[in-house]
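Asks: What follows is a predicted protein model with its sequence.
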Amino acid sequence: MTKIAIEACLLLIVIVFMGCIAGLNILEDTPSEKGIIAGFWRGLWHGLISPVTFILSLFTDKIHFYEVNNNRNWYNFGFALGAGILFSSSRSTKEIK
């Protein structure tokens, strides 16, 4: 693939993923405008994209780091698991002799 095609594909992927960011946080434990309460899978996704979401949330009021319209424990578990997966290291350490 050419360099331009690769850059266009990456840009498209970023735009699609940004559509899955946590929405406006109005009231805790109530459905969003679309009637959705975030659960485990949304929490997992929000945990995985948390670094990008955090940076974007600093520059706009329309993006939030954490979805408060959630079902509490399962969303929190998914968020923590997603962030843990993202920040965990799979590198093995070698024994120093």
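Replies: Nice, I can see it.

Asks: what ranges do the helices span in this protein?
Replies: 3-18, 40-48, 50-57, 73-87 (DSSP state H).

Asks: tell me the most buried of these?
Replies: Among those, helix 40-48 has the highest mean neighbour count (mean count of other C-beta atoms under 10 Å), at a mean of 20. Glycine gets a C-beta too; all of them are placed from N, C-alpha and C.

Asks: Identify the residues contacting that one?
Replies: 20-22, 38, 53, 66-67, 70, 74-86 (C-beta atoms under 8 Å, 6 or more residues apart in numbering).

Asks: hmm, 6 Å instead?
Replies: Residues outside helix 40-48 that contact it (C-beta atoms under 6 Å, 6 or more residues apart in numbering): 20, 22, 74-75, 78-79, 81-83, 86.

Asks: C-alpha coordinates for it, PDB please?
Replies: Backbone C-alpha positions of helix 40-48 (Å, rounded to 0.1, in the frame of the first residue of the first chain) are rendered in PDB as follows:
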ATOM      1  CA  PHE A  40     -19.300  -4.200  31.100                       C
ATOM      2  CA  TRP A  41     -18.400  -4.100  27.400                       C
ATOM      3  CA  ARG A  42     -18.600  -0.300  27.200                       C
ATOM      4  CA  GLY A  43     -16.500  -0.100  30.300                       C
ATOM      5  CA  LEU A  44     -13.900  -2.300  28.800                       C
ATOM      6  CA  TRP A  45     -13.800  -0.200  25.600                       C
ATOM      7  CA  HIS A  46     -13.700   3.100  27.600                       C
ATOM      8  CA  GLY A  47     -10.800   1.700  29.600                       C
ATOM      9  CA  LEU A  48      -8.900   0.700  26.500                       C
END
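
Asks: so where's this structure uncertain?
Replies: The model of the chain has pLDDT under 70 over residues 1, 16-34, 89-97.

Asks: can we see that at 80?
Replies: 1, 10-36, 86, 89-97 (pLDDT under 80).

Asks: For Thr2, give its distance to Ala8.
Replies: As defined by C-beta to C-beta, to the nearest Å, Thr2 lies at a distance of 9 Å from Ala8.

Asks: before we move on, what about Ile49?
Replies: From Ile49 to Ala8 the distance is 21 Å (C-beta to C-beta).
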